[in-house]
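Novice: Need the 3D shape of this:
(2 chains)
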Protein chains: 2
Amino acid sequence: MKIDDNFYMRLAIDEAWKHQLLTYPNPAVGCVIVKNQRLLAVEAHKEAGMPHAEVNALKTAYLKDNPNSILKTKNSSFDIHQYLLQNHNGFFNDCEIYVTLEPCNHIGKTPSCANLLKELKPKRVIISVKDPNKQATGGLETLKNENIDVTLGILEKDGLNLILPFISWQNKSCIFFKMAQTLNGSIDGKISSNRALAYVHTLRDKIDLLVIGGNSVRIDKPTLDTRYIQGKNPDIFIYSKNKVFDTNIPLFKIPNRKVLISDDLYKLLDYKFIMIEGVYNLLDKLKERIDFFILIISPKIRKGQNALNEIDLDFEIIHENFIGKDKIVFLKRK
Amino acid sequence: MKIDDNFYMRLAIDEAWKHQLLTYPNPAVGCVIVKNQRLLAVEAHKEAGMPHAEVNALKTAYLKDNPNSILKTKNSSFDIHQYLLQNHNGFFNDCEIYVTLEPCNHIGKTPSCANLLKELKPKRVIISVKDPNKQATGGLETLKNENIDVTLGILEKDGLNLILPFISWQNKSCIFFKMAQTLNGSIDGKISSNRALAYVHTLRDKIDLLVIGGNSVRIDKPTLDTRYIQGKNPDIFIYSKNKVFDTNIPLFKIPNRKVLISDDLYKLLDYKFIMIEGVYNLLDKLKERIDFFILIISPKIRKGQNALNEIDLDFEIIHENFIGKDKIVFLKRK
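Specialist: Sure, this is the predicted structure:
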């Protein structure tokens, strides 16, 4: 295997995907630092308000060669920025910094990464894609104006797939469909491991709205909360023509939760980040609305209800990973 | 992400998997070389008779710092061994060499890797698993006897999964089941891309025997050759109680091919490396015989026949990869 720009950018992209969706409303971003061919850091942005990928990677890289530096006690973006600005002492001048997204140029919840990099003067900055956020873009120019060697467009297609949710958040609502099944497509009974369920609860904690089909509410009586992780419980949109439900089921008893019952999808536009939980018939109805599809596959074969309906959809796999023993596949419609 | 022994061993294991099964009768092996934290090589063994993973990696690493060396013209294992023995000049003394399987200690089709490493005196050799082949084992002791620092057991579970086919070849026949389906488990019509079909033909070229169900022969009339890659056409075992077939179909017309028609699975033991191509009913019948299961998943949803039968199996995903746009998943029965 060639150990080249693509190799290091792939590491950065894969690291970023580990935190995909969990960085909302920020993009998932990964960063790799190589100093004279020594791989020093593979890091990612983990959650809004926490340090950007570049800052995490700069800290890790610096600590690799300065393990006793007081930098290891600094955790906020502001403190790490300050420390590195004052103490870098040319450490990064022979570093190549791979970042999946153009370093931000504006001061938001954290200081600007482009400004920090400008001062640290790395040998080269390699970027997969430009920032589609008009407020944050310009990092590329900031670096070029300092005569830093910048390469743009490495693994660009993968870099764009990585920020697909972010682009949706920017433009309009981001709507994704989540489904769990066995290897053979069976959807009956308890399918996912507890670890996968905890992951779904983590997603519920991040989203603004959860969409579910009326039949599912009537038959399965789900609570649709985040009890596995004690998170925030999202508002619920029950997609149903028939508005009559037994409101004594737990779903309706969660405090501070709004429950909408409607078949008017226009109402989704009041929310930014929306997960639909359902199976193929709901997917068939909503397929034109979704930005991407998450399939959690449990590695077993089971007898059970399947997707023997009229659905006919083509996807591209944009990423896959494991949640414990289960697989998670991120799919984009073709 | 921590950049430690596990990180580099993971690179070696993933690289080896790219050539899984294609190295028959040799094990799939990967090797990574790190010199003073500089990642110099990520290589694998590709085919029996070609250089072992260690030799490929040693060559790549040496050429990284000596790009004009005549070594780049050497391709046979013997020539690379010879060159490195005479010209290494201590190059590897500060290298850490990660290898997924204990370096071989015997001279087979290629010279012994342990003997080569012994002379090159790397700083450290990190091994995932010991060689289960009694003829080839002993590499660990050869290295330790030269006071080379050896670490054994890094990602051992993954290292063992990697050589699961090899262990089967060693002990008895290796039998695996191959199936293709859509995301939702549909098996009707043409499912896989041409690239995935070419991969299946590559597998057919490597195996000794291909097992297929009698109904599949009667209904689909498959040729079961290797026309996509112009390879060797395997012998065929038609698993069927009813021995009457139309022998005018192309399957029976392939030169130098034996076709057995039998329901006596004992006959499989005459062969070392066996692929079963079929769907769930054949899997259900043969599930106790298979060492692992390969599922090729095309990222689309289609109406079609599915696995709504009595099958009930639990797997562990031991590896996954892409063949073009399709997924390939290697599964081990739990």
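
Novice: helix or strand right after the lowest-mean-pLDDT helix or strand in chain A?
Specialist: When the helices and strands of chain A are scored by mean pLDDT, DSSP states H and E, helix A:280-286 comes last with a mean of 87. Remark: after helix A:280-286, the chain's next helix or strand is strand A:292-298, criterion DSSP states H and E.

Novice: still on that earlier bit, which residues sit against the least confident helix or strand of chain A?
Specialist: Residues outside helix A:280-286 that contact it (CB atoms under 8 Å, 6 or more residues apart in numbering or on different chains): A:175, A:177, A:179, A:187, A:211, A:213, A:216, A:239, A:265, A:276, A:278, A:290, A:293, A:307, A:309-311, A:313, B:184, B:301. The way it works is simple: take the backbone N, C-alpha and C, and place the C-beta from them, glycine included.

Novice: In helices, which of these fall?
Specialist: A:Ser216 (DSSP state H).

Novice: Write the ChimeraX selection for whichever of the contacts of helix A:280-286 are buried.
Specialist: Only the buried entries of these go into this ChimeraX selection, using 16 or more other CB atoms under 10 Å in any protein chain shown:
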select /A:175,177,179,187,211,213,216,239,276,278,290,293,307,311,313 /B:184,301
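
Novice: Which parts of the least confident helix or strand of chain A count as buried, going by neighbours?
Specialist: So for helix A:280-286, counting by 16+ other CB under 10 Å, buried means A:Tyr280, A:Leu282, A:Leu283, A:Asp284, A:Leu286.

Novice: cool, stretch A:188-202 as well?
Specialist: A:Ile191, A:Ser192, A:Ser193, A:Ala196, A:Leu197, A:Ala198, A:Tyr199, A:Val200, A:His201, A:Thr202.

Novice: Now for the nearest residue to the second one once chain neighbours are set aside: which residues touch it?
Specialist: Counting by CB to CB, 6 or more residues apart in numbering or on different chains, the nearest residue to A:Ser192 once its immediate chain neighbours are dropped is A:Ala180, at 4.8 Å. Taking CB under 8 Å, 6+ apart as the definition of contact, the neighbours of A:Ala180 are A:Ile187, A:Ile191, A:Ser192, A:Ala196, A:Leu295, A:Ile296, A:Ile297, A:Ser298.

Novice: so how far is chain B from the closest residue to A:Glu102 other than its chain neighbours?
Specialist: The shortest distance from A:Glu102 to any non-neighbouring residue, by CB to CB, 6+ apart, is to A:Asp131 (4.2 Å). Distance, A:Asp131 to chain B, by CB to the nearest CB, to the nearest Å: 23 Å.

Novice: Same check on A:Val329?
Specialist: 8 Å.

Novice: A:Leu84 too?
Specialist: Applying CB to the nearest CB, the value for A:Leu84 to chain B is 20 Å.

Novice: List, one by one, the residues from the stretch 151-300 of chain A near chain B.
Specialist: Applying CB under 8 Å from any CB of the partner chain, we find that the stretch 151-300 of chain A lies next to chain B at A:Gln181, A:Leu183, A:Asn184, A:Gly185, A:Ser186, A:Tyr280, A:Leu295, A:Pro299, A:Lys300.

Novice: Phi first, then psi, for the residue in the stretch 151-300 of chain A that chain B sits nearest to.
Specialist: With CB to the nearest CB as the measure, A:Gly185 is the residue of the stretch 151-300 of chain A nearest to chain B, at 3.0 Å. With angles defined as degrees, to the nearest 10, A:Gly185 sits at phi 90, psi 10.

Novice: which non-adjacent residue is nearest it?
Specialist: Nearest non-adjacent residue to A:Gly185, counting by CB to CB, 6+ apart: B:Gly185, 3.0 Å away.

Novice: circling back to that earlier point, just put the buried residues of stretch A:188-202 in CSV and tack on secondary structure, pLDDT and distance to B:Asn68.
Specialist: Below are the buried residues of stretch A:188-202 laid out as CSV (DSSP: H, G, I helix; E, B strand; the rest coil; pLDDT from 0 to 100; distance: CB to CB, whole Å):
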residue, secondary structure, pLDDT, distance to B:Asn68
A:Ile191, coil, 88, 57
A:Ser192, coil, 88, 55
A:Ser193, coil, 91, 54
A:Ala196, helix, 94, 52
A:Leu197, helix, 94, 57
A:Ala198, helix, 95, 55
A:Tyr199, helix, 95, 51
A:Val200, helix, 96, 55
A:His201, helix, 96, 58
A:Thr202, helix, 96, 53
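
Novice: out of those residues, who's nearest A:Gln230?
Specialist: A:His201 (8.9 Å; CB to CB).

Novice: show me what contacts A:Asp14?
Specialist: A:Gly30.

Novice: Show the residue spans covered by the strands in the stretch 101-250 of chain A.
Specialist: For the stretch 101-250 of chain A, strands defined by DSSP state E, counting those that start in this stretch occupy the ranges A:124-129, A:149-152, A:174-182, A:209-213, A:235-239.

Novice: could those strands go into CSV alongside mean pLDDT?
Specialist: What follows is the strands of the stretch 101-250 of chain A, written out as CSV (pLDDT from 0 to 100):
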stretch, mean pLDDT
strand A:124-129, 98
strand A:149-152, 97
strand A:174-182, 95
strand A:209-213, 97
strand A:235-239, 97
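
Novice: Burial check on A:Ala61, number of neighbours?
Specialist: For A:Ala61, the count of nearby residues is 25 (other CB atoms under 10 Å in any protein chain shown).

Novice: Quick check: next helix or strand after the one helix or strand it maps to?
Specialist: Here A:Ala61 sits within helix A:53-65, counting by DSSP H and E. The C-terminal neighbour of helix A:53-65 among helices and strands, as given by DSSP H and E, is helix A:77-87.

Novice: just checking, what packs against that following helix?
Specialist: helix A:53-65, helix A:113-120 (3 or more CB pairs under 8 Å, 6 or more residues apart in numbering or on different chains; DSSP states H and E).

Novice: Show me the contact partners of the last one.
Specialist: This means helix A:113-120. A:52, A:54-55, A:58, A:81, A:84-85, A:88, A:91-92, A:97, A:102-105, A:125, A:138-140, A:142-143, A:146, A:148.

Novice: Please consider this matter closed, and thank you.
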